[in-house]
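Peer 1: Turn this into a structure:
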Amino acid sequence: MTTLLDRTPTASAPAGRGHVTQLRVVHSEWIKLRTLRSTLITLTAAVVAMIGLGLLFCAVSANRWPHMDRGEQLRFSAAGVSVRGFLLAQLAVAVLGVLVVTGEYATGMIRATFAAVPRRLPVLWAKAAVYTAVTFVAMTTASLIAFLAGQAILSSQHIGTTLGAPGAARMVFGAGLYLTVVGLLSVAIGTLVRSTAGGIATVFGLLMVLPLLADSLPSTWSVSEYLPGNAGQALLVAHPEPHILAPWTGFAVFCLYTAVALAAAAAALRRRDA
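Peer 2: The predicted model follows:
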């Protein structure tokens, strides 16, 4: 009996098994994101909007080119027209960014998530990192496709351009960067508000409604260039315009807004109950 017991291997758990790490939380959030039907539907809508509207605007511009006056032709930006689909794509990106967080609150799954990761903040960082990476890859690819296909259409009027032209690469890859930060801002807002409808309304208000309200102010009071959406979209402006920040300055301001929102979301997440 003693011999048999001595020969029986001792069962031991693998080292580190069950230990929560940031990498494991990221992997968990990646599984959640890619298995949700809303992810495929919303990202597909964003890609279709980015490419489809870009091609539509290019086709309309090519058709109108012979009838444009000289001033309009001088202001025309072949690169800017091809990525103009970002205006609609940002709505889909914002909706999914909010849902990444609020979807779990709506179903109650957030309790299981926080039970598995009691420190909570790794969950926020993982959601932000995963969604940021997915948005950047999808939207930058869509922007590049829209640009290349759009220039093929514009070349019929010999008004196409290349990535090497001044400002072209900035606008094409800037569209991907802008939409990525929109997604990150939406994750932060979703964490703060914890309501799908409230989060979406807040993001839309910041990006679309607030600039309209600011435009109604007297010119001496104008602060529209410092608003989140306008500041970020400065990266996509071809020619200098009044009351618009320099491209990278505006994008930095937009990133600052997003960093503040993320910090506020982290603070709220640590204080509140699930």
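
Peer 1: what about the helices in this protein?
Peer 2: Along the chain, counting by DSSP state H, helices occupy 2-7, 22-35, 37-64, 70-75, 78-82, 86-107, 109-116, 121-154, 168-193, 196-204, 210-215, 228-233, 247-271.

Peer 1: closest to residue 160 out of the ones you listed?
Peer 2: Ranking these by their distance to residue 160 (criterion: Cβ to Cβ) puts helix 121-154 first, at 3.9 Å. Glycine gets a C-beta too; all of them are placed from N, C-alpha and C.

Peer 1: and that closest one with helix 86-107, angle?
Peer 2: Orientation check (axes from the mean of the first three to the mean of the last three Cα atoms, to 10 degrees): helix 121-154 against helix 86-107 gives 150 degrees.

Peer 1: Stretch 141-160: how far from the chain's middle?
Peer 2: The chain centroid and the centroid of stretch 141-160 are separated by 23 Å under Cα atoms, centre = their mean, to the nearest Å.

Peer 1: Check stretch 233-243 too.
Peer 2: Stretch 233-243 has its average C-alpha position 20 Å from the chain's average C-alpha position, going by Cα atoms, centre = their mean.

Peer 1: One more: stretch 135-146?
Peer 2: For stretch 135-146, the distance from its own C-alpha centre to the chain's C-alpha centre is 11 Å (Cα atoms, centre = their mean).

Peer 1: Numbering from 38 from now on, please.
Peer 2: Sure, I'll start numbering at 38, so the last one becomes stretch 172-183.

Peer 1: Quick check: buried residues in it?
Peer 2: Of the residues in stretch 172-183, 172, 173, 175, 176, 177, 179, 180, 181, 182, 183 count as buried by neighbour count, 16 or more other Cβ atoms under 10 Å.

Peer 1: Can you tell me which of those residues comes closest to residue 238?
Peer 2: Here the nearest of the buried residues of stretch 172-183 to residue 238, counting by Cβ to Cβ, is residue 172; it sits at 20.4 Å.

Peer 1: on that earlier part again, of the helices of the chain, which stretch is the most buried?
Peer 2: Of all the helices of the chain, helix 115-119 has the most neighbours on average by mean count of other Cβ atoms under 10 Å, namely a mean of 26.

Peer 1: So which elements touch that one?
Peer 2: Under the contact criterion of 3 or more Cβ pairs under 8 Å, 6 or more residues apart in numbering; DSSP states H and E, the helices and strands touching helix 115-119 comprise helix 74-101, helix 158-191, helix 205-230.

Peer 1: okay, these in a markdown table with distance to residue 285 next?
Peer 2: Listed next are the helices and strands packed on helix 115-119 as a markdown table, based on distance: least, Cβ to Cβ, whole Å:
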| stretch | distance to residue 285 |
| --- | --- |
| helix 74-101 | 22 |
| helix 158-191 | 17 |
| helix 205-230 | 8 |
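
Peer 1: Lovely, talk soon.
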